[in-house]
Every structure is written in C-alpha cells, then in structure tokens.
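> Just the structure for this:
(one chain, ligands or ions: 1)
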Amino acid sequence: MTSAIMHPMATDSDTRVATTGERAPNSWGLGDGQAIPWEYAPAPEARDIVALKERYGLFIGGRDVPSSDGKTFTSIDPSTEQPLAEISRATPADIDKAVRTARRAQRRSWGNLPGKERAKYLFRIARILQERSREFAVLESMDSGKPIKESRDVDVPLAAAHFWYYAGWADKLDYAFPGRVAKPLGVAAQIIPWNFPLLMLSWKIAPALAAGNTVVLKPASTTPLSALLFTDVCRQADLPPGVVNITPGPGEIGTVLASHPGVDKVAFTGSTEIGKKIQKSVAGTDKALTLELGGKAANIVFDDAPLDQAVEGIVNGIYFNQGEVCCAGSRLLVQESIADALIDKLKDRLATIRVGDPLDKNTDVGAINSKSQLEKITELVQSGVDEGADMYQPPCDLPERGYYFRPTLFTNVAQSHRIAREEIFGPVLSTLTFRTPDEAVEKANNTVYGLSAGVWTEKGSRILSMVSKMRAGVVWANTFNRFDPTSPFGGYKQSGFGREGGMHGLHAYVRLEDR
Ligand code: NDP
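Numbers count the residues shown, from 1 in each chain. Just a heads-up that it's a prediction; the model follows:
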C-alpha cells in the first residue's frame with residue numbers, strides 16, 4: 001500500500017505520470033532519482049446532490065404514472081452492483097397511451113407554436129441542464145459506470161450544447177432549407193442506448209422539438225435514471241404536457257413503440273442486430289427512419305505522426321467511456337516501421353491509466369455498464385487469446401465488487417480474428433500493421449461497419465487523400481472522439497444511415513414541401 005499524500009508542487013500533468021516507483025522530476029525539489037513515495041489520494045465526488053427516489057413512474061402527458069400492470073424493474077449501480085431505484089416498466093398499453101398523448105400535444109399545442117416560442121423552451125432546457133449539471137453528472141456516473149470526469153466534462157455539457165444549438169434553429173427553418181417549407185413529421189419514437197444516456201437523449205429530443213415534433217423516448221433498461229431526471233427539467237421549463245414522454249421498459253417494448261401506427265418517425269441508436277429488427281418492423285410503412293449502429297473504427301498512425309500525441313489519441317479513442325463507444329478507435333493500424341516504438345509508448349501509457357470508482361475524479365476507466373456487457377467483453381478477449389493474438393494488460397487492482405475490466409491491448413492481430421472484426425464495446429484495442437497508405441485504406445475499409453476513423457500524420461495532403469478513400473461517416477485527423485452539435489454524425493454500411501447533429505440532424509425531423 002502506498003501513502004496518499006500528493007506533493008504540493010504537483011500539477012495535473014505531473015500527477016498523470018507520477019506513479020509509485022517512477023522518478024521525481026527535478027522541478028519538484030525532491031532531487032533526481034528519488035522514488036516517488038505516494039499515490040493519488042481518493043477524490044470522490046459527493047453523491048448527496050442526487051436525491052434518488054425509491055420508485056420512478058413513466059412520464060406521460062407531463063405526469064409520473066405507474067405502468068398499467070404495476071410492474072417495475074431495478075436499475076443498479078454497475079460499480080457496486082447495488083440497486084439504485086425501482087422503475088416502472090412500460091407495457092404495450094402504456095406505449096399506446098404515450099403515443100396518443102404525444103399526437104394530441106403535437107396537433108394541439110407544440111406543432112402550432114411559432115418557431116421562436118419553441119426556441120424559448122429549448123433555451124430554457126439548455127440553461128436548466130447547465131444549472132443542474134453536477135446533479136446530472138453524478139447521477140449519470142452512478143447509473144452507467146462512466147467516470148465522473150467524463151460525465152461532468154463531456155456528456156452533460158454536450159447535452160446542454162445540443163439544446164442550445166437546436167434552440168437557435170427552431171425559428172430559422174426557412175434558412176436551413178431555403179426555398180422549401182419545413183413541416184414537422186409528427187410523433188417521433190426514439191430508442192436510445194446505455195453508453196451515453198443523457199447525451200443520446202439530447203441528440204434525439206433537441207432536433208425533434210426544434211422542428212415541431214413531439215416524442216416518446218425509451219431509454220435503455222440499465223440506464224433509465226438521467227432520462228427520468230430530465231422529466232423534471234421538462235416540468236421546470238414548463239414544457240407543454242405530452243411534448244416529451246419517457247417510457248422505460250424492456251427491449252421488446254422498443255419494437256412495440258417503433259411499430260406503433262401512430263408514430264411518424266423512428267430514431268434508434270444501439271446494436272446493428274436490433275437496428276435490423278427495427279428496420280424490418282417499419283418496412284412497408286411511410287415512417288421516416290434513422291439508425292445509428294455499431295462500429296469498428298480504424299485509428300491509423302503513419303510513420304511521420306507525432307508519436308506522443310498519437311498515443312494520447314489512441315488512448316482517448318479506445319479507453320474513453322470504457323471503450324463503450326460506437327465510434328471507438330478499436331482497431332489501431334500502425335505503419336510497420338514505427339510499430340515497435342509506438343507499442344512501447346502505448347504500454348507505458350496504459351500503466352498510468354486508473355481503473356476504479358466512477359465517482360472518483362481521478363478515475364480514467366470506470367465500471368462496465370452491465371454484467372452481460374462484461375461477459376461479452378470477456379468472451380471476445382478470450383477469443384483473441386485463443387486465436388493467437390498477443391495480449392497485454394497493465395497491472396492494476398480492480399475493485400472487489402462491480403463490473404470492471406482492465407484496459408487491454410492486443411498485438412499480432414490478424415484481420416480474420418474476431419477481435420479485429422466484431423464490435424467489442426469495451427476497453428480493448430486490436431493492433432494491426434500496414435506498409436503503404438493503400439494497404440492502410442484497404443484494411444481500414446475491411447469491415448462491415450463504417451462509422452468513424454482516425455488518421456495521424458503531419459501531411460495535410462495525406463489526410464485529405466485518406467479521408468476521401470475511407471468509407472467512414474466521420475474521420476478525425478490528428479485527434480479522436482471530438483463531438484460538436486454543429487457537426488453531423490452517422491455511418492455507412494452496417495453502421496446505419498441518417499445523420500444526427502448539425503443541419504443534417506434537423507433534416508431528419510422535417511418533411512420538406514414546395515412553397
Ligand atoms: P441494444 O441494441 O440491444 O440496445 C439499445 C437500445 O435498444 C436499448 O434501449 C434497448 O432496450 C433497445 N432494444 C433492445 N431490444 C430491442 C428490440 N427488440 N426492439 C427495440 N428496441 C430494443 O444493445 P445492447 O444493450 O444489447 O448491447 C449489445 C451490443 O450492442 C453491445 O455490446 C454493443 O456492441 C452494441 N451497442 C452499440 C451501441 C451503439 O451506440 N452503436 C449502443 C449500445 C450497444 P433495453 O436496454 O431495454 O434492452
């Protein structure tokens with residue numbers, strides 16, 4: 001056990017590299033060559049800002065209501081396996097009620113409001129999310145297992161930013177679609193996953209409302225709490241009842257929602273498997289559909305890339321949010337001549353990653369979202385070992401309870417290995433090498449997915465050339481996992497279709513008519 005004292009001169013960047021057994025920089029006045037005798041002090045975020053209710057209802061017509069059969073399910077904290085709250089479990093009758101309520105609200109109030117009035121509500125929601133940001137961040141980390149520094153610095157600010165951004169468009173639809181008249185589609189059925197619960201809610205609700213639609217949203221069963229806290233924001237913002245309806249429930253209730261005849265638009269984010277089912281369920285109807293599905297992104301590092309920066313980008317690309325990210329850079333393609341040097345640096349960096357309590361402000365990798373997701377990761381990692389890839393995991397102690405997985409790096413990976421083909425959705429990086437840019441493009445595109453990619457090189461011309469050849473909806477250059485509400489996001493091939501974010505995201509919620 002190491003002591004828990006932090007040197008007063010240490011800065012944030014110092015603390016990142018200072019682990020037991022390393023050498024103290026001279027600037028700390030400890031003298032070159034002295035072993036650093038300390039570890040990070042625990043820095044837990046207080047939980048008391050969150051007032052958890054014992055039981056949450058469905059949110060229909062602006063009110064909390066129990067499900068029609070009175071059944072509930074439990075949401076647990078994946079970092080401790082302890083129950084957090086009981087949640088009403090929507091039935092088909094509840095979905096029917098929610099869709100009818102949304103329809104009425106769309107016809108009678110929301111759909112008739114001038115854009116500038118809708119904008120006021122969206123601005124209010126954005127401001128309330130900012131005011132209550134700490135509460136949302138803590139709750140999101142408790143329910144999903146993601147580190148507080150990510151929910152605090154990424155999820156919640158970006159969620160608010162989406163409401164700010166689309167509030168700005170609500171009264172400017174004529175400018176977004178010049179020469180056309182943009183009409184709302186009607187009622188949107190929205191099904192979101194567990195990896196970015198509040199952020200995915202914002203990606204979906206903000207553009208829908210800005211364009212004059214009303215929504216029925218089904219959160220993932222393992223992470224319903226931030227969506228249920230959001231209902232409080234709707235009330236605080238005085239949003240007319242029925243404009244936003246939240247109906248937690250099992251997966252199948254998602255199909256009931258998507259296939260309800262009163263729905264005009266379906267927006268789904270989740271696995272490719274369920275995306276295909278949803279596509280089948282709306283086939284033959286005139287419902288609009290957007291699908292944001294899985295990914296197996298290539299993060300490509302050329303021999304002229306700044307290696308230390310690339311290492312940070314690789315780490316951010318795959319270990320951010322425990323790798324439970326659809327656009328995660330889960331395949332590292334590294335030019336053969338620098339592969340050894342890069343992998344050495346990466347291993348050093350992995351040793352500094354802190355895995356543990358999501359509510360500790362120093363934690364880099366929190367808990368895996370659920371037991372079943374942990375089992376899926378474990379099974380795929382075992383397949384990598386069995387198929388002959390070399391596995392590296394830095395030594396680190398995992399908490400005794402909760403769903404945790406060590407950051408994992410595979411080298412010597414073949415394109416045929418499952419870990420190179422399947423979406424693992426965990427902190428697992430598979431490394432392949434290439435010799436020429438053409439080989440890099442070929443390997444990057446050798447996947448059924450096409451959501452995102454990264455390119456690391458100092459040559460602008462090479463970036464442009466690679467971007468034009470890769471079948472990926474988003475390509476980051478010399479960075480990774482950057483999100484912005486003004487920028488469209490979406491995939492090719494089995495990563496889905498349609499775009500969220502930016503004006504493209506607005507387009508998905510309007511019907512364009514001639515003037
Ligand atoms: P799912 O696709 O099953 O879940 C996403 C959402 O769809 C959840 O709200 C889920 O509800 C809902 N859902 C589940 N079954 C149905 C159905 N038959 N009809 C309509 N909606 C349904 O993902 P999983 O949670 O099962 O994760 C499995 C794998 O999917 C992961 O390992 C990962 O690889 C991938 N994934 C990809 C995501 C992405 O953003 N690309 C996000 C999440 C997962 P419920 O939670 O109640 O089951």
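
> which ones are touching the closest residue to Gly212 other than its chain neighbours?
Closest residue to Gly212 apart from its sequence neighbours, by C-beta to C-beta, 6 or more residues apart in numbering: Pro184 at 3.4 Å. Just so you know, the C-beta spots here come from the backbone N, C-alpha and C atoms, and that holds for glycine as well. Going by C-beta atoms under 8 Å, 6 or more residues apart in numbering, Pro184 touches Gln106, Gly111, Ala211, Gly212, Asn213, Tyr509, Val510, Arg511.

> quick one: which of the residues you listed sit in helices?
In helices, defined here by DSSP state H, the members of the contacts of Pro184 are Gln106.

> Just the buried ones out of the contacts of Pro184, please.
Buried members of the contacts of Pro184, scored by 16 or more other C-beta atoms under 10 Å, are Gln106, Gly111, Ala211, Gly212, Asn213, Tyr509, Val510.

> Which of those sits closest to Gly179?
The closest of these to Gly179 turns out to be Val510 (C-beta to C-beta; 13.8 Å).

> How about that closest one, nearest residue that isn't a chain neighbour?
Closest residue to Val510 apart from its sequence neighbours, by C-beta to C-beta, 6+ apart: Ala182 at 4.1 Å.

> Confirm the one you found sits in a strand?
Yes - if the criterion is DSSP: H, G, I helix; E, B strand; the rest coil, then Ala182 is within a strand.

> That one contacts Tyr175, correct?
No - counting by C-beta atoms under 8 Å, Ala182 does not reach Tyr175; the two are 10.1 Å apart.

> the more surrounded of these two?
Applying other C-beta atoms under 10 Å to Ala182 and Tyr175 shows that Ala182 carries more neighbours, namely 20 against 9.

> need the contact list for the more buried one.
By C-beta under 8 Å, 6+ apart, the residues touching Ala182 are Leu173, Asp174, Ala176, Ala211, Val510, Arg511, Leu512.

> Among those, name the ones in strands.
Val510, Arg511, Leu512 (DSSP state E).

> residues from the stretch 351-500 of the chain in reach of the ligand?
Gln373, Lys376, Glu423, Phe425 (C-beta under 6 Å from any ligand atom).

> again, only this time at 5 Å
With the criterion set to C-beta under 5 Å from any ligand atom, the stretch 351-500 of the chain comes near the ligand through Glu423, Phe425.

> can you tell me the residue of the stretch 351-500 of the chain closest to the ligand?
When you check the stretch 351-500 of the chain against the ligand by C-beta to the nearest ligand atom, the closest residue turns out to be Phe425, at 3.6 Å.

> from what I can see that residue touches Gln373, true?
Yes - using C-beta under 8 Å, Phe425 is in contact with Gln373, at 6.6 Å.

> what sits in contact with each of those two?
Common contact partners of Phe425 and Gln373 (C-beta under 8 Å, 6+ apart): Glu324.

> And the helix or strand hosting Gln190, how far out from the chain middle?
If you go by DSSP states H and E, Gln190 is part of strand 187-191. Centre-to-centre, strand 187-191 and its host chain are 18 Å apart (C-alpha atoms, centre = their mean, to the nearest Å).

> and for it, what are the contacting residues?
Applying C-beta under 8 Å, 6+ apart, the external contacts of strand 187-191 come out as 99, 102-103, 106, 201, 204-205, 208, 213-218, 254, 257-258, 260, 262-270, 278, 509.

> partners of it, with directions?
Paired neighbours of strand 187-191 in the sheet (DSSP bridges): strand 214-218 (parallel), strand 265-269 (parallel).

> Check the ones you listed for me and report the most buried one.
Mean neighbour count (mean count of other C-beta atoms under 10 Å) peaks for strand 214-218 among the strands paired with strand 187-191, with a mean of 28.

> Quick check: mean pLDDT of it?
Confidence for strand 214-218, expressed as mean pLDDT, is 98.

> orientation of that strand relative to strand 180-184 in degrees?
Angle, strand 214-218 to strand 180-184, by axes from the mean of the first three to the mean of the last three C-alpha atoms, to 10 degrees: 50 degrees.

> For the helix or strand following strand 214-218, buried residues please.
Going down the chain from strand 214-218, the next helix or strand is helix 225-236, by DSSP H and E. Under the neighbour-count criterion of 16+ other C-beta under 10 Å, helix 225-236 has Leu225, Ser226, Ala227, Leu228, Leu229, Phe230, Thr231, Val233, Cys234, Arg235 buried.

> Tell me the one among those nearest to the ligand.
The shortest gap between the ligand and any of the buried residues of helix 225-236 belongs to Ala227, at 10.2 Å (C-beta to the nearest ligand atom).

> dump the residue contacts of the residue nearest to that closest one when sequence neighbours are not counted.
Nearest residue to Ala227, sequence neighbours excluded (C-beta to C-beta, 6+ apart): Pro219, at 4.0 Å. Shown in contact with Pro219 (C-beta under 8 Å, 6+ apart): Ile192, Pro197, Leu201, Ser226, Ala227, Leu228, Ile246, Pro248.

> Could you dump those into JSON lines and include distance to the ligand?
As requested, these are exported to JSON lines (distance: C-beta to the nearest ligand atom, whole Å):
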{"residue": "Ile192", "distance to the ligand": "6"}
{"residue": "Pro197", "distance to the ligand": "9"}
{"residue": "Leu201", "distance to the ligand": "11"}
{"residue": "Ser226", "distance to the ligand": "13"}
{"residue": "Ala227", "distance to the ligand": "10"}
{"residue": "Leu228", "distance to the ligand": "14"}
{"residue": "Ile246", "distance to the ligand": "12"}
{"residue": "Pro248", "distance to the ligand": "8"}
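
> got a markdown table for the residues you listed, with distance to Gln335 too?
Formatted as a markdown table, the contacts of Pro219 follow (distance: C-beta to C-beta, whole Å):
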| residue | distance to Gln335 |
| --- | --- |
| Ile192 | 38 |
| Pro197 | 38 |
| Leu201 | 40 |
| Ser226 | 41 |
| Ala227 | 44 |
| Leu228 | 48 |
| Ile246 | 48 |
| Pro248 | 47 |
